[in-house]
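Peer 1: fold the following and give me the result.
(chains A and B)
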Amino acid sequence: MSLRLADERYALGRKSPSVTLAHGGGGKAMRDLIRDVFVAAFDNPGMGELEDQARLIMPPDLADGRLAFTTDGFVVDPLFFPGGDIGTLAVNGTVNDLAVGGARPLWLSCAMVIEEGVEIDTLHRIAASMRRAADAAGVAIVTGDTKVVGRGSADKVFVTTSGVGAIPAGVDLAASHVRPGDVAIVNGYLGDHGAAILNARGDMALESPVESDCAPLGELMAAVLAAAPATRCARDCTRGGLASALNEIAGASGCGIDLEETALPLRPEVRGFCEILGLDPLYLANEGTLVLFVPPEQADAALAAMRRLPQGREARLVGRAVGEHPKTVVMQTLFGGGRIVDMLLGEQLPRIC
Amino acid sequence: MKYADEFRDPVKAKAVLAAIERAVAETGATPQEPLRVMEICGGHTHAIFRYGLDKLTPAAIEFVHGPGCPVCVLPMTRVDECLEIAERPEVIFTTFGDAMRVPGTRGSLMQAKARGADIRMVYSPLDALELARRIPEREVVFFGLGFETTMPSTALTVQQAAREGRTNFSLFCNHILVPPPIRALLDDPDMRLDGFVGPGHVSMVIGTAPYDFIARDYGKPLVVAGFEPLDLLQSVLMVVRQIAEGRAEVENQYARVVPSGGNPAALAAVEAVFEPRDAFEWRGLGEIDKSGVRMREAYAAFDAEAKFGVGYGAARRNSRDADLPELAGCRCGEVVKGMVKPWACPKFGTACTPETPLGALMVSSEGACAAYHLYAGVRARAVDAESERAVS
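Peer 2: Predicted coordinates:
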């Protein structure tokens, strides 16, 4: 035993500072990488004996609930940006997909595709922030996988997380439940994540202090459901922004949705950023922003519950579901005219002039 | 947002709209026989839809969307030539973002990029020059596109490259000019326009004198306008007042940005680097005399047309768009001229959508078809399509 420890210390001392294809070979290098980087960071009882699968026990208070299960891949460039990194995104993105369904997020998996040449230190940083994000969201990363591919076959690091949560008995959120008269509430500023990422790429050389809104929304959703149990549905406004989430809800419910431009929470920096580049903040990605639909009589209760939490401090009512213009989102502009807010097609490209 | 929100004040807008209503009444125009006002610039088209100005102004004013979106009037053959350059292994092809989706006969730059061409989006020609400095072993080509607004920055970049003696940087020049197509539109026997809202950013460079012929020779009013909703409404009011009072003048609503003499330093750089072409092809409008520019002999070393043997300078120039079977049935030309609304085209919203654009008017958010599709959308189409098709 003592001999083996000495051997390991020796190996540690000579360790390459970058990932090589040997780390994906299934041998000792791979085992060391997984143990030193990921197991060390994620360490929790759910991981058990490092068998080929995690073995999990349902919390007793959720025993009669339904399981919620989701998966998401993360390929962000750059890996580290103001307000977060690919690790916080990978945890919060999957946590939020569970949370907006009314589920309590419980367990995550983490699969990494790593490009040869990535510094081990980069992996340490990502794993550490995943652990912090998991702790903040109240979930455990219980299983995972690591693959290494040759240079050029991936862009630095791709992360895939799957998540399991439990929906308490009696909770049933769905976009199809939205009815005319329901009000639409968002929990905070729109477009911060999209603006932060575009800015962090550095092409624009703009000095903007905008940070990603990347945050877990489980606690917020639990508070909303306690205060406004008749809540119809919630969606997180990730890729495609608020506009795409509302279009999905309009499509699924058959309702029209009226949006008030003057009510939209936008930071002045994000508005300015969008003006300069000809982007529409309604379509910018968010990573800690959701929209929910609540019957009007429970709107105040939902708003009050949200505003008590850090992720809901800027919560506000931004529109309502209507019987007119079915399946279409219409925004009353601050100018008084109406315009249709359609799904985003392809990618937003900055305009020439 | 300071210096923008002041020009988006709904209360002030109501007052201007009321004044427009009164002025329109004086002209005797009716919803059946409306005043037809062309906003030349795509930026104005975008703003009209973004703020719903077409719905706020009286029905007796009809906005006709002009040819002022440089991406939209780019012919397919020029996109093909972009691909021809971009697909060369030594080339890094740099372009503004919204040119990426314009379709050519062999697809768009975005599709060429997916097939492996090294095509990169930049925000300024100086970014392209910087790339050429950083990667001296590759040929960096900048896709020079746009009206008089973007020409000065391209010209200055070429001059900078010349001063540095760069041998791996060139410009694929597709710059075009605003006044010639306006003259062509006014000479078109199908055209019936009552006045113009003139482009703001172009005029910041060229001033207001180049539009004098519109008032003098054709008797139409033109008002140079800014891009905020109040700018546009005030400009429309100024155009309608001229019509009501029987005047035809060039007026400048955007005086806070546009000096009447333009920008002499910018004009000097443009003059030094570029000279007019005999003619240039516009999508939907065909060849228009003296409507584009090419690089002067002194800068031939930076001319991608000469360097790679493509384009107007080459003997093996491709056929014109008019000869292309792919465009059969499209009504882009009539839409660009303002003769029909986008939804009168049988391909609008069916074969031609922002996801799969056939015509360039569907590509850029400043194109009339994309603006209609995005902001006026399905509802407007359902209501108006039949009646529009019946009359056109």
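
Peer 1: what comes up buried for stretch B:140-160?
Peer 2: With burial defined by 16 or more other Cβ atoms under 10 Å in any protein chain shown, the residues of stretch B:140-160 counted as buried are B:140-158. Every C-beta, even on glycine, is put in place using the N, C-alpha and C of the backbone.

Peer 1: what mean pLDDT does it have?
Peer 2: Averaged over stretch B:140-160, pLDDT sits at 96.

Peer 1: go on, stretch A:282-299?
Peer 2: Stretch A:282-299 comes out at a mean pLDDT of 96.

Peer 1: can you tell if that stretch touches chain B?
Peer 2: No - Stretch A:282-299 lies out of reach of chain B by Cβ under 8 Å from any Cβ of the partner chain, never closer than 10.8 Å.

Peer 1: go ahead and confirm A:Ala133 touches A:Thr88.
Peer 2: Yes - using Cβ atoms under 8 Å, A:Ala133 is in contact with A:Thr88, at 4.5 Å.

Peer 1: all strands of the stretch 201-350 of chain A, in order?
Peer 2: Applying DSSP state E, counting those that start in this stretch to the stretch 201-350 of chain A gives strands spanning A:233-236, A:256-260, A:290-294, A:316-322, A:329-332, A:338-340.

Peer 1: do chain B as well
Peer 2: Taking DSSP state E as the criterion, chain B carries its strands at B:35-41, B:61-68, B:91-95, B:119-121, B:139-146, B:169-175, B:195-198, B:222-224, B:250-252, B:274-276, B:279-282, B:286-289, B:293-295.

Peer 1: burial of A:Thr160, as a residue count?
Peer 2: 18 (other Cβ atoms under 10 Å in any protein chain shown).

Peer 1: please apply the same query to A:Asp172.
Peer 2: The burial count for A:Asp172: 12, using other Cβ under 10 Å.

Peer 1: which ones are touching residue 154?
Peer 2: Going with chain A. With contact set as Cβ atoms under 8 Å, 6 or more residues apart in numbering or on different chains, A:Ala154 has these partners: A:Val113, A:Ile114, A:Glu115.

Peer 1: my bad, the chain I had in mind was chain B
Peer 2: So B:Thr154 contacts B:Pro125, B:Phe142, B:Gly144, B:Gly146, B:Leu171, B:Cys173, B:His175, B:Val273 (Cβ under 8 Å, 6+ apart).

Peer 1: and the gap between it and A:Asp36?
Peer 2: Separation of B:Thr154 from A:Asp36 (Cβ to Cβ, to the nearest Å): 53 Å.

Peer 1: just to revisit the earlier point, which of the strands of chain B sits closest to chain A?
Peer 2: Proximity to chain A (Cβ to the nearest Cβ) singles out strand B:139-146 among the strands of chain B, at 5.7 Å.

Peer 1: that closest one and chain A, any residue contact?
Peer 2: Yes - using Cβ under 8 Å from any Cβ, strand B:139-146 comes into contact with chain A via B:Leu145, B:Gly146.

Peer 1: parallel or antiparallel, list what pairs with that strand.
Peer 2: strand B:91-95 (parallel), strand B:169-175 (parallel) (DSSP bridges).

Peer 1: return the most buried member of those strands.
Peer 2: strand B:169-175 (a mean of 27; mean count of other Cβ atoms under 10 Å in any protein chain shown).

Peer 1: kindly export that strand (C-alpha atoms) in CSV.
Peer 2: Presented in CSV, the C-alpha positions along strand B:169-175 are these (Å, rounded to 0.1, in the frame of the first residue of the first chain):
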residue,chain,number,x,y,z
PHE,B,169,-4.7,42.1,-48.0
SER,B,170,-7.2,42.9,-50.7
LEU,B,171,-10.7,44.3,-51.0
PHE,B,172,-13.5,42.7,-53.0
CYS,B,173,-15.2,46.0,-53.8
ASN,B,174,-19.0,45.9,-54.1
HIS,B,175,-19.7,49.4,-52.9
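
Peer 1: so for it, what's the average pLDDT?
Peer 2: Summarised as a single mean, pLDDT over strand B:169-175 is 97.

Peer 1: turn the strands of the stretch 201-350 of chain A into a markdown table, including mean neighbour count.
Peer 2: Output for the strands of the stretch 201-350 of chain A, formatted as a markdown table (neighbours: other Cβ atoms under 10 Å in any protein chain shown):
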| stretch | mean neighbour count |
| --- | --- |
| strand A:233-236 | 23 |
| strand A:256-260 | 21 |
| strand A:290-294 | 26 |
| strand A:316-322 | 20 |
| strand A:329-332 | 23 |
| strand A:338-340 | 20 |
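
Peer 1: how about the residues of the stretch 1-150 of chain B near chain A?
Peer 2: For the stretch 1-150 of chain B, the residues in contact with chain A (Cβ under 8 Å from any Cβ) are B:1, B:4, B:8, B:10, B:13-14, B:43, B:46, B:49-56, B:70-71, B:96-101, B:121-123, B:127, B:145-147, B:149-150.

Peer 1: A:Ala302 and A:Leu282, how far apart?
Peer 2: 22 Å.

Peer 1: and A:Ala99, by the same measure?
Peer 2: Applying Cβ to Cβ to A:Ala99 and A:Leu282 gives a distance of 22 Å.

Peer 1: and for A:Pro60?
Peer 2: Counting by Cβ to Cβ, the gap from A:Pro60 to A:Leu282 is 43 Å.

Peer 1: next one: A:Gly165
Peer 2: For A:Gly165 relative to A:Leu282 (Cβ to Cβ), the value is 29 Å.

Peer 1: could you tell me how many residues sit around the closest residue in space to B:Ala117 that isn't next to it in sequence?
Peer 2: Of all residues not flanking B:Ala117 in the chain, B:Ala86 sits nearest, at 4.5 Å (Cβ to Cβ, 6 or more residues apart in numbering or on different chains). Counted with other Cβ under 10 Å, the neighbours of B:Ala86 add up to 22.

Peer 1: B:Arg120 is in contact with B:Ala86, correct?
Peer 2: No - with contact defined as Cβ under 8 Å, B:Ala86 does not count as touching B:Arg120 (10.0 Å).

Peer 1: who touches both of these two?
Peer 2: Listed as contacting both B:Ala86 and B:Arg120 by Cβ under 8 Å, 6+ apart are B:Phe93.

Peer 1: now the residue of the stretch 1-150 of chain B found nearest chain A: closest residue in space that isn't a chain neighbour?
Peer 2: Relative to chain A, the nearest point of the stretch 1-150 of chain B is B:Gly52 (1.9 Å; Cβ to the nearest Cβ). Residue nearest to B:Gly52 in three dimensions, not counting chain neighbours: A:Gly337, with 1.9 Å by Cβ to Cβ, 6+ apart.

Peer 1: taking the stretch 51-200 of chain A, what residue is nearest to chain B?
Peer 2: Residue nearest to chain B within the stretch 51-200 of chain A: A:Leu198 (10.9 Å; Cβ to the nearest Cβ).

Peer 1: quick check, pLDDT for that residue.
Peer 2: A:Leu198 carries a pLDDT value of 85.
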